[in-house]
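**Q** Provide a 3D model corresponding to the input given below.
(2 chains)
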Amino acid sequence: SQELEQSPQSLIVQEGKNLTINCTSSKTLYGLYWYKQKYGEGLIFLMMLQKGGEEKSHEKITAKLDEKKQQSSLHITASQPSHAGIYLCGGEMADRGSTLGRLYFGRGTQLTVWP
Amino acid sequence: DGGITQSPKYLFRKEGQNVTLSCEQNLNHDAMYWYRQDPGQGLRLIYYSQIVNDFQKGDIAEGYSVSREKKESFPLTVTSAQKNPTAFYLCASSRRSGSSNYGYTFGSGTRLTVV
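**A** Numbers count the residues shown, from 1 in each chain, chains lettered A, B, ... in the order given. Alright, predicted model coming up:
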């Protein structure tokens, strides 16, 4: 079973358009991470959210965590070809009722931005 | 600069062979992780270690083994028992605070191919 559900699986947008990627957890999140990945490369850290209702922005990317800490969204404003890649959400949650200490990941969203 | 180094970047294995993937970090992080990535599946946890000389199985540990003799190093051995080892392998590390981890950092990955 997938602990984190990420949607959509793929996204194709025209340059300049806005877009949103969603990440939903079945459990309360103690930390939610957003990463970007180019195919065949490592993960680049984008943002981390921990508090319910928290929102962070960096350049044209904004990430939010809902009050219940079970859902996060990543929003890109005025997309550019440089935004293309795979976006992954990773969440830390209580592992089978015991201690924290690992990240669960969604399946990723493949973003294509065409000029 | 501190970071995580994975080697080699590409690795080819004959069927029936064991191979070892290297992961070294100089971030002074307590915890280290191995993930496997297959197309469309996101990242799945193989093994993780919160402290030296201790490690836990993740979700797909069968056919893999690890050791954590030093804080800086967490090598992964893919054994001949792993029936489908062709994949992209990512190593990560994080700081530990209480029962939670933060500051997850990823290496650049090793692509393993069975020939």
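
**Q** tell me the pLDDT of the most centrally placed residue in chain B.
**A** Within chain B, one residue has its C-alpha closest to the average C-alpha position: by C-alpha atoms, centre = their mean, that is B:W34, at 2.6 Å. Note on B:W34: pLDDT of 97.

**Q** max-length strand in chain B?
**A** In chain B, taking DSSP state E as the definition, the longest strand is strand B:87-97.

**Q** could you name the helices and strands sitting against whichever helix or strand comes after that strand?
**A** Beyond strand B:87-97 on the C-terminal side, the first helix or strand identified by DSSP states H and E is strand B:100-106. Strand B:100-106 sits against strand A:31-37, strand A:43-49, strand A:85-92, strand B:87-97, with contacts defined as 3 or more C-beta pairs under 8 Å, 6 or more residues apart in numbering or on different chains; DSSP states H and E. Any C-beta I mention is one placed from the backbone N, CA and C, and that applies to glycine too.

**Q** pull out the buried positions in the last one.
**A** With burial defined by 16 or more other C-beta atoms under 10 Å in any protein chain shown, the residues of strand B:87-97 counted as buried are B:A87, B:F88, B:Y89, B:L90, B:C91, B:A92, B:S93, B:S94, B:R96.

**Q** ok, it: who's next to it in the sheet?
**A** Strand B:87-97 has the following strand partners under DSSP bridges: strand B:31-37 (antiparallel), strand B:100-106 (antiparallel), strand B:110-114 (antiparallel).

**Q** distance to A:W34 added to those, as JSON lines?
**A** As requested, these are exported to JSON lines (distance: least, C-beta to C-beta, whole Å):
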{"stretch": "strand B:31-37", "distance to A:W34": "16"}
{"stretch": "strand B:100-106", "distance to A:W34": "11"}
{"stretch": "strand B:110-114", "distance to A:W34": "24"}
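
**Q** and these, which one averages the lowest pLDDT?
**A** Minimum mean pLDDT among those: strand B:100-106, a mean of 80.
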